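>>> below is the sequence, then the predicted model.
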Amino acid sequence: MFVLRRPRLFILECIPKSDEYEEGEVLYRFLTMTDPKDIGLREITTKKELLGYLRRARNLDGFNFIHLSGHGDREHCAFELPRGIVYPDEFPKSCFEGKRVTLSACGLSRDDFMTPFLDVTGAKAAIAPRKDVRFDDASIWFMTFYYLMLHHRFTPAGAFDRANDMLCYGPRRGRVKGGFEYWYP
């Protein structure tokens, strides 16, 4: 008999403590109210630590969704941590093989970041904001997206469209500041 596995989410919190807002922590606290065993969280502050963690495939075993909460460095087209930036081609090869990745990092939904990111990491799909996104907008958007997927069994594309319908005044149009986009390899 085929049994559908529950989706599992792992959050990598890479926002500096000085920002006062820890989006990954907010998501984790909300989403674990009902399913604490299906959500994981790890705080990472340096580029070396992030890349080392991602090189060990067993660290992400059993998780279908990976959430990278950090900053986007549009000038360098890179993911920014409290100490260091990671260019798309620096992510470990196949580190997200078969997984869906969300990047809560301003302005990374650009072809010059997402195309090499998807190629290198092997991610099945990715979501990122096109522009700057406020902490509250990003938190509510991702909370809605994950809540629909994890607790109501929406497909990722269905949860994406529904979150946009509810919060962005139309599918894929992105009226929430930041305008989230769904990327497929």
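Perfect, I can see it now. Numbering: from 1, shown residues only.
>>> now the spatially most central residue of the chain: how far from residue 154?
Geometric centre of the chain, nearest residue: residue 102, 2.1 Å, by C-alpha atoms, centre = their mean. Taking C-beta to C-beta, to the nearest Å as the measure, residue 102 falls 14 Å from residue 154. Every residue, glycine included, has its C-beta placed from N, CA and C.
>>> tally of neighbours for the nearest residue to residue 59 once chain neighbours are set aside?
Spatial nearest neighbour of residue 59, excluding adjacent residues (C-beta to C-beta, 6 or more residues apart in numbering): residue 53 at 5.6 Å. Residues near residue 53, counting by other C-beta atoms under 10 Å, number 15.
>>> I'd say residue 53 and residue 42 touch.
Yes. The pair residue 53 and residue 42 passes the contact test of C-beta atoms under 8 Å, sitting 7.2 Å apart.
>>> which neighbours do the two have in common?
Listed as contacting both residue 53 and residue 42 by C-beta atoms under 8 Å, 6 or more residues apart in numbering are residue 12.
>>> next SSE downstream of the helix or strand bottoming out on mean pLDDT in the chain?
Ranked by mean pLDDT, DSSP states H and E, the weakest helix or strand in the chain is helix 156-167, scoring a mean of 88. Heading C-terminal from helix 156-167, the first helix or strand you meet, by DSSP states H and E, is strand 180-183.
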